[in-house]
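>>> here's my sequence, what's the structure:
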Amino acid sequence: GYYAWVRRGMGKFWGFQEAWLSLAASIFDMAIYPTLFVFYLRQMSPWFGVGNHGIYAGLAVVATCAALNLAGIRVVGLTSLWLFFLLSLPFALVVVLAPFKMGTFADPHRAPAMTGLGLVGGVLVAMWNYMGWDNASTIAQEVERPQRTYPRAMIAAVILVALSYVLPFAAVYLTGAPASLFAEDGSWASVAGALGGTVAGFAWLRFLVVLGGMMSGFGMFNALVMSYSRLPLAMARDGMLPKAFAKTCKRTNAPWLAVVVCAACWALCLGLGFRRLVTLDIMLYGASLMLEFVTLVALRIKEPGLKRGFRVPGGLTGAILTGVFPLLLLLLAVVESDHETLLGMNGLVFGALIISAGFMVYFVSGKLHVLRAKPVLPPENIEELA
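Next up is the predicted model:
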């Protein structure tokens, strides 16, 4: 995937940094989905908002998804497909019912509530919603005819993602709903409750949206376990991590040690909070994404005749411009991280330390690799040398 891409274009050092940044970002990114799962679960049962109950529920999500991934890529794919259809159903009902409630939620005397997120925070959440397209590349070896399958899947996914965001929001806008309805995390449940009403005292649409939100968090985490766990596998095969990470299950070919170790690391960040996780995730992910854009330019210069499945038009200028606008957006993450704190330190400093640690880890792992590669003389040769 993107690790092999950067290594091909910029060498082993930057390839390692790409993998390091991606795995570091995944620690914060992967904690977001159990957090969202718990947000919606609390809508169903406030008990999960008391004490550490929510963290225990998040740990259950991590453990279950790790187990599903050990069962193999086909199980994960089928699970994700069915979860997509099920979680989309309540939002489709929101779109269908909204025209019948046109203007009914409008209240000209009600001022919209301020969420404290701000414009920059809102842009960061929107960026997070639409990022991660490169994650699919890490499982290409396990996909049939990836050169043909991936472009089709990407086009279909872009359309589905855009529609799944635009249509429900447009539908709720028709009802005249104030922005204050979206003032809290997991607020789609409140919107659905107001839209669907109750039947025999049961807020049916609210209940379905809560289930959909839980399935969304679960499904995203499940699919991304599959993607991220292939990074340690590839690095181990290249000698950049201990060979144990290259071990796979004989029946499913899943990298079991990578799945287990990654799941344990992701569990450590449960409870950090949605906004903080998103900010740190985008900062680190943005750094790895910039390496991918730089590699695009580097490969265009170093290997202009390389056979490509598809090519960015516009020559070298087109390749450079492809990364300019994402870079400007990602700088917002750097600005916002200066307002967050983690482990008692400034978020920007914390992110910079993680990025710098990648250089040190590469140096140490390189030294260890050299030591492991040194030949060991048999006892008889040692005696001769003595």
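>>> now do A136 against T149, distance only.
Remark: distance between A136 and T149 (CB to CB, to the nearest Å) = 10 Å. The way it works is simple: take the backbone N, C-alpha and C, and place the C-beta from them, glycine included.
>>> typed the wrong thing, it's R276
Between R276 and T149 the distance, using CB to CB, works out to 36 Å.
>>> on that earlier part again, of A136 and T149, which one has the most company?
Ranked by neighbour count (other CB atoms under 10 Å), A136 and T149 place A136 first, with 19 against 13.
>>> how about the contacts made by that one?
G1, Y150, A153, M154, S227 (CB atoms under 8 Å, 6 or more residues apart in numbering).
>>> could I get those as a markdown table with pLDDT?
A markdown table is the format used below for those (pLDDT from 0 to 100):
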| residue | pLDDT |
| --- | --- |
| G1 | 85 |
| Y150 | 86 |
| A153 | 88 |
| M154 | 88 |
| S227 | 89 |
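>>> mark which of these are part of helices, please.
Counting by DSSP state H, the members of those that fall within helices are Y150, A153, M154, S227.
>>> what's the burial count for the third one?
As a burial measure, M154 scores 12 neighbours (other CB under 10 Å).
>>> contacts only, for it.
Shown here is M154, whose contacts under the criterion CB under 8 Å, 6+ apart are W133, A136.
>>> what does the one 3 residues further on give?
Under the criterion of CB under 8 Å, 6+ apart, the neighbours of A157 are W133.
>>> give me the three-state assignment for G51.
coil (DSSP: H, G, I helix; E, B strand; the rest coil).
>>> distance-wise, check the residue lying closest to A246 once chain neighbours are set aside relative to R230.
Across the structure, with CB to CB, 6 or more residues apart in numbering as the measure, the residue nearest A246 apart from its sequence neighbours is A236 (3.9 Å). Applying CB to CB, the value for A236 to R230 is 11 Å.
>>> hang on, T279 packs against N346?
No. Because the distance of 11.7 Å does not satisfy CB atoms under 8 Å, T279 is recorded as not touching N346.
>>> of these two, who's got more company?
Applying other CB under 10 Å to T279 and N346 shows that T279 carries more neighbours, namely 29 against 14.
>>> the more buried one: which element?
helix 274-302 (DSSP states H and E).
>>> name the helices or strands packed onto that helix?
Applying 3 or more CB pairs under 8 Å, 6 or more residues apart in numbering; DSSP states H and E, we find helix 274-302 packed against helix 2-10, helix 12-44, helix 118-130, helix 315-337, helix 347-373.
>>> how far away from the center of its chain is that helix?
13 Å (CA atoms, centre = their mean, to the nearest Å).
>>> which parts of that helix are buried?
Residues of helix 274-302 classed as buried under the neighbour-count rule (16 or more other CB atoms under 10 Å) are 274-300.
>>> please apply the same query to stretch 253-269.
When burial is assessed from 16+ other CB under 10 Å, stretch 253-269 yields the following buried residues: A254, P255, W256, L257, A258, V259, C262, A263, W266, A267, C269.
>>> against I354, how distant is the last one?
Translated: C269. In this structure, C269 lies at 12 Å from I354, with CB to CB as the measure.
>>> cool, and L59?
For L59, the distance to I354 under the criterion CB to CB works out to 23 Å.
>>> so those two - more neighbours on which side?
Just comparing L59 and I354: by other CB under 10 Å the higher neighbour count belongs to I354, 19 against 15.
>>> who's in contact with the closest residue in space to the more buried one that isn't next to it in sequence?
Excluding its sequence neighbours, the residue lying closest to I354 (CB to CB, 6+ apart) is A24, at 5.0 Å. A24 makes contact with L284, I354, I355, G358 under the criterion CB under 8 Å, 6+ apart.
>>> do the same with Y40
Contacts of Y40 (CB under 8 Å, 6+ apart): G186, A189, V210, L211, G213, M214, G217.
>>> the fourth one touches S88, doesn't it?
This points to L211. No. In this structure, L211 is not within contact of S88 by CB under 8 Å, at 11.8 Å.
>>> assign a three-state SS to E144, would you?
Under three-state DSSP, E144 comes out as coil.
>>> would you mind giving me the confidence score for it?
The per-residue pLDDT reported for E144 equals 84.
>>> how close does it get to S80?
Summarising the geometry, the distance separating E144 from S80, computed by CB to CB, is 17 Å.
>>> out of the two, which sits in the busier spot?
Comparing E144 with S80 by other CB under 10 Å, the one with more neighbours is S80, at 16 against 6.
>>> stretch 122-136: which residues count as buried?
By neighbour count on 16+ other CB under 10 Å, the buried set for stretch 122-136 is V123, L124, M127, W128, M131, G132, D134, N135, A136.
>>> just the closest of these to C65, please.
Proximity of the buried residues of stretch 122-136 to C65 (CB to CB) peaks at N135, which lies at 14.8 Å.
>>> tally of neighbours for the closest residue to the closest one other than its chain neighbours?
Sequence neighbours aside, S227 is the residue nearest to N135 in space, at 4.2 Å (criterion: CB to CB, 6+ apart). As a burial measure, S227 scores 20 neighbours (other CB under 10 Å).
>>> over to R74?
When neighbours are counted by other CB under 10 Å, R74 registers 10.
>>> ok, and what's touching the host helix or strand of it?
Per DSSP H and E, R74 falls inside helix 73-97. With contacts defined as CB under 8 Å, 6+ apart, helix 73-97 is touched by 68-69, 139, 142, 164, 167-168, 171-172, 188, 191-192, 195-196, 205, 208-209, 211-213, 215-216, 218-219, 222-223, 225-226, 252-254.
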